[in-house]
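In: One predicted model, sequence on top.
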Amino acid sequence: MSTVFIAFQTNEDTRPIVESILADNPHAVLDEQPAMVKINAEGQLVIKRESIEERIGRSFDLQELQINLITLSGNIDEDDDQFTLAWKN
Amino acid sequence: MDMKANKKKLGLKEKYAHMTRGLDWETTYQPMDKVFPQATFEGIKIHDWEKWEDPFRLTMDAYWKYQAEKERKLYAVLDAFAQNNGHLGITDARYLNAVKLFLTGISPLEYVAHRGFAAAGRNFPGVGPRVACLMQSIDEIRHAQTQIHALSNYNKFYEGFHAGAAHQIERIWYLSVPKSFFDDAFSAGPFEWMIAIGFSFEYVLTNLLFVPFMSGAAYNGDMATVTFGFSAQSDEARHMTLGLECIKFMLEQDPDNLPIVQKWIDKWAWRGIRVLTLVGMMMDYMLPKRVMSWKEAWEIYFEQNGGALFNDLAKYGIKVPDCITQCTVDKEHISHQAWCTFYQYAHASAFHTWLPNAEEMDWLSAKYPNTFDKYYRPRYEQWREMADKGERFYNNTLPMLCQVCQIPMVFTEPDDPTKICYRESDYQGEKYHTCSDGCKHIFDDEPEKYIQAWLPVHQIYMGNCWPEGTDPTAEGFDPMAKVLEWYHIENGKDNLDYEGSGDQANFAAWRGAATQNT
Amino acid sequence: MAVKALSEYNFPAADTQDKFHGNQLLYVGWDDHLMFCAPFAYCLPPSTPFSELVEKHLPHSFGPHPDWAKVDVARIVWLKSGKPFVPDFNKTLAEQGLRHKDVLRMQTPGLNGNGTCS
């Protein structure tokens, strides 16, 4: 199984996003670096719109992720409700 | 009571379909192959452009909205940086030499990438990739502009920023390395460009360039660079995705595309890795506070992440590039070999160099247990001894260059780190020298292309690197002084050692003034 | 393989000898002395005697290394394109068949930067 990852700038916008990802992906591992937070996960990582909305108390468009995104790895599948990164092997 | 009109919004997938399809037409008064003359000559076969899918499903309206948001964030920080003497917040002005290398070596590439993606977008007959290339082209010029703008703040205070991103890339010996890399890609067809830059550079290598560098900038208190870096980096995830999508699309369209794509991956992985030698040196030597070693970054971003990527591509028949064995050896050497090169040619470089101090050498020993103490520490100790005697070593003769990567021939044999690696080829009665099996292989595959290389050392000897009107027969003519003038390097200010430089003295004085009232 | 191009692809080489104002390029490296990061590129008239190369040009470049003073030039082992080469010090570069962009390697057995190859 290969590792997928996603990294964001460390800031107030991304804090609830990172919290959501860690809650929704118990196998994910947090790696905090200067000014940057990286989340590694075996195989697959799912980001759910609803989980983020619960934390920020407003509606959230998953494309807003792009504002604070630094890098990612894996094949992407995105729709209105979730954003998935996966290596299918 | 008002009836609430529930205006249904389009879902992401529907919106993407509407805004990236059916936007073009079959031409009538010119045949399609005349309108898209570059679509087939490379041998790549595409049967159905409609199969192209952008996984981000980003449409132009959303693109403008999010890019505007990024710009607002960026300029808020740049204003704060300028208003609050942000330049005094960095760990040490020595750090800025990495930033000078970035401005002169990387920012111009952003501009070429802008042009290259505009050209690729123009030349692909499919609408999906055209939209994606258009966005990336606009991103890239934004990167060039924001980098130049952010770093102009340093130009107010420090040496070596005055020539900016435009002048030196065409001239300075070590900048011909990144320049020739992009020229090579841009002078190929649109599909090779996508594999070279979109896939190999953006997907496989860009993490090595930007992620540790920007994290390093943050660690060293460089708010300006972190901010443009992260602003640019937020676009990179999309670029990486475009590169990956492009390669999958080519491989799914026709089995005949596989050998062509594989050849390009092999070539461009090696070309890119050679260019990144400069980044390795920056990480291991130029950051006063270090985030991770080049070797560690290589292992995370190339070996692990690249490994996952190539596992995924194996289902199409793609193999890991041939150069991987050589790279595994090189990861423990190249940053040291590069820094040794700049140390001895510091008089001809547009930034300052220094010898690593005792604590830094111990860090390098710990990070490179197999190589540093054995091969590189003795060299630095010898140079320290020479410098202490007032005989700081400057190499006084021009080096031999590799015909392909254009780096001086500093790399050693894969099985013997004490021997320079010499490779040569004969083509049309002329000799051509390369630094490695990787570069020789690339030369031998397309010699017609690489015999045209603008090699800085040869150009100096031809007399092409002096200001206009220079008379080389004049009394007391000093060729190297004229070369520096032509480079726009101010001798004694922009070059030589950091120790004793104007940057060092000014930074100490200004920082002192910032904390005292006298 | 040839370059795949839209039309005929045939351009002159950038660094042929005629562009060097009567000179030729000669590369010289010194094995086991990596203090000099790369071999050197010299631009010299083909009529340069080999003795001038060894007595004037090489000492200028390699002189800063403490080992250089210990080199007995008569005992240097030379390689040209990796193969044994025995120069005649009294002949010019051209007379002993050294052509534009040839590469020479010097080996000085016993001298290797005190075992560090630096």
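Out: Yes, it's here.

In: C-alpha only now, for contacts and for neighbours.
Out: Noted.

In: Tell me where chain A is predicted with low confidence.
Out: Low-confidence segments of chain A, defined by pLDDT under 70: A:89.

In: any idea which helix is longest in chain C?
Out: helix C:58-62 (DSSP state H).

In: For it, give the mean pLDDT please.
Out: Averaging pLDDT along helix C:58-62 gives 98.

In: so what's A:Ser59 closest to, chain neighbours aside?
Out: Of all residues not flanking A:Ser59 in the chain, A:Glu53 sits nearest, at 5.6 Å (CA to CA, 6 or more residues apart in numbering or on different chains).

In: pretty sure that neighbour is in a helix, no?
Out: Yes. With DSSP: H, G, I helix; E, B strand; the rest coil as the criterion, A:Glu53 is part of a helix.

In: what's the burial count for it?
Out: Neighbour count of A:Glu53, defined by other CA atoms under 10 Å in any protein chain shown: 16.

In: now it: how far from chain C?
Out: 53 Å (CA to the nearest CA, to the nearest Å).

In: Look at B:Phe213 and report its pLDDT.
Out: Looking at B:Phe213, the pLDDT reads 77.

In: What of the one 5 residues further on?
Out: At B:Ala218 the predicted local confidence, pLDDT, stands at 87.

In: ok, it to A:Ala35 distance?
Out: Going from B:Ala218 to A:Ala35 by CA to CA, to the nearest Å gives 6 Å.

In: neighbour-wise, which of the two wins?
Out: Using other CA under 10 Å, the more surrounded residue of B:Ala218 and A:Ala35 is B:Ala218, with 23 against 17.

In: what secondary structure does the nearest residue to the more buried one once chain neighbours are set aside sit in?
Out: Distances taken as CA to CA, 6+ apart put B:Val226 closest to B:Ala218, at 5.7 Å, once the chain neighbours are dropped. With three-state DSSP as the basis, B:Val226 sits in helix.

In: ok, B:Val226 - how many residues close by?
Out: Using other CA under 10 Å, B:Val226 has 26 neighbouring residues.

In: In three-state terms, label C:Val3 for me.
Out: coil.

In: Would you mind measuring from the closest residue to it other than its chain neighbours to B:Glu26?
Out: Leaving aside its chain neighbours, C:Val3 sits nearest to B:Glu446 (5.5 Å; criterion: CA to CA, 6+ apart). Distance, B:Glu446 to B:Glu26, using CA to CA: 36 Å.

In: and if you look at C:Phe89?
Out: As for C:Phe89, its distance to B:Glu26 is 73 Å (criterion: CA to CA).

In: just C:Lys101 next, same as before
Out: Applying CA to CA, the value for C:Lys101 to B:Glu26 is 54 Å.

In: returning to that earlier point: run a quick check on the residue nearest to B:Ala218 versus B:Pro212, I expect a contact.
Out: No. B:Val226 is beyond contact range of B:Pro212, at 10.8 Å (criterion: CA atoms under 8 Å).

In: phi, psi of the residue in chain C that chain A sits nearest to?
Out: Residue nearest to chain A within chain C: C:Lys4 (31.7 Å; CA to the nearest CA). Per-residue torsions, C:Lys4: phi -90, psi 120 (degrees, to the nearest 10).

In: And for it, the neighbour number?
Out: By other CA under 10 Å, the residues close to C:Lys4 number 14.

In: B:Gln253 now?
Out: Residues within reach of B:Gln253, counting by other CA under 10 Å, total 18.

In: which SSE is the residue lying closest to it once chain neighbours are set aside in?
Out: Excluding its sequence neighbours, the residue lying closest to B:Gln253 (CA to CA, 6+ apart) is B:Ile46, at 5.6 Å. For B:Ile46, there is no enclosing helix or strand under DSSP states H and E.

In: hang on, isn't B:Ile46 packed against B:Pro255?
Out: No. Taking contacts as CA under 8 Å, B:Ile46 lies outside contact range of B:Pro255: 10.5 Å.

In: These two - which one has more neighbours?
Out: Neighbours were counted for B:Ile46 and for B:Pro255 using other CA under 10 Å; B:Ile46 has more, 18 against 13.

In: And the longest helix belonging to chain A, what does it pack against?
Out: Ranked by residue count and defined by DSSP H, the top helix of chain A is helix A:15-24. Helix A:15-24 sits against strand A:44-48, helix A:49-56, with contacts defined as 3 or more CA pairs under 8 Å, 6 or more residues apart in numbering or on different chains; DSSP states H and E.

In: Now C:Ile75. Its backbone dihedrals?
Out: To be clear, residue C:75 is Arg; Ile isn't right here. phi -100, psi 10.

In: any idea how far it is from B:Asp139?
Out: Taken as CA to CA, the span from C:Arg75 to B:Asp139 is 60 Å.

In: Show me which of these two is the more surrounded one.
Out: Shown here are C:Arg75 and B:Asp139; by other CA under 10 Å, B:Asp139 has more neighbours (23 against 10).

In: Let's verify the more buried one: helix, strand, or coil?
Out: What three-state DSSP gives for B:Asp139 is helix.

In: circling back: between B:Glu446 and B:Glu26, who's got more neighbours?
Out: For B:Glu446 versus B:Glu26, the count of surrounding residues by other CA under 10 Å is larger for B:Glu446: 14 against 8.

In: quick one: that one and C:Tyr9 touch, right?
Out: No. The pair B:Glu446 and C:Tyr9 fails to qualify as a contact (CA under 8 Å) at a distance of 10.8 Å.

In: joint contacts of the two?
Out: Common neighbours of B:Glu446 and C:Tyr9 (criterion: CA atoms under 8 Å, 6 or more residues apart in numbering or on different chains): C:Val3.

In: For the residue most central in space within chain C, give its distance to A:Val4.
Out: Nearest residue to the geometric centre of chain C (CA atoms, centre = their mean): C:Val28, 2.3 Å. The gap separating C:Val28 from A:Val4 is 48 Å, by CA to CA.

In: Same check on C:Asp72?
Out: 60 Å.

In: Next secondary structure after the helix or strand harbouring A:Thr71?
Out: Per DSSP H and E: A:Thr71 is located in strand A:69-73. For strand A:69-73, the succeeding helix or strand toward the C-terminus, using DSSP H and E, is strand A:75-78.

In: Tell me which other helices or strands the very next helix or strand once past that next one touches.
Out: Following strand A:75-78 in sequence order, the next helix or strand is strand A:82-86 (DSSP H and E). Contacts defined by 3+ CA pairs under 8 Å, 6+ apart place strand A:82-86 against strand A:3-9, strand A:44-48, strand A:75-78.

In: Give me the neighbour count for A:Trp87.
Out: 20.

In: That one reaches A:Leu45, doesn't it?
Out: No. Assessed by CA under 8 Å, A:Trp87 is found out of contact with A:Leu45, at 9.6 Å.

In: joint contacts of the two?
Out: Common contacts of A:Trp87 and A:Leu45 (CA under 8 Å, 6+ apart): A:Val4.

In: In the beta-sheet assignment, what are the partners of the residue of chain A found nearest chain C?
Out: At 31.7 Å from chain C, A:Asn75 is the closest residue in chain A, using CA to the nearest CA. A:Asn75 has these beta-bridge partners by DSSP bridges: A:Ala86.

In: For it, give its distance to C:Trp68.
Out: 58 Å.

In: Same question for B:Gln30.
Out: 71 Å.

In: For these two, indicate the residue with more neighbours.
Out: Using other CA under 10 Å as the criterion, B:Gln30 and C:Trp68 rank with C:Trp68 on top: 18 against 9.
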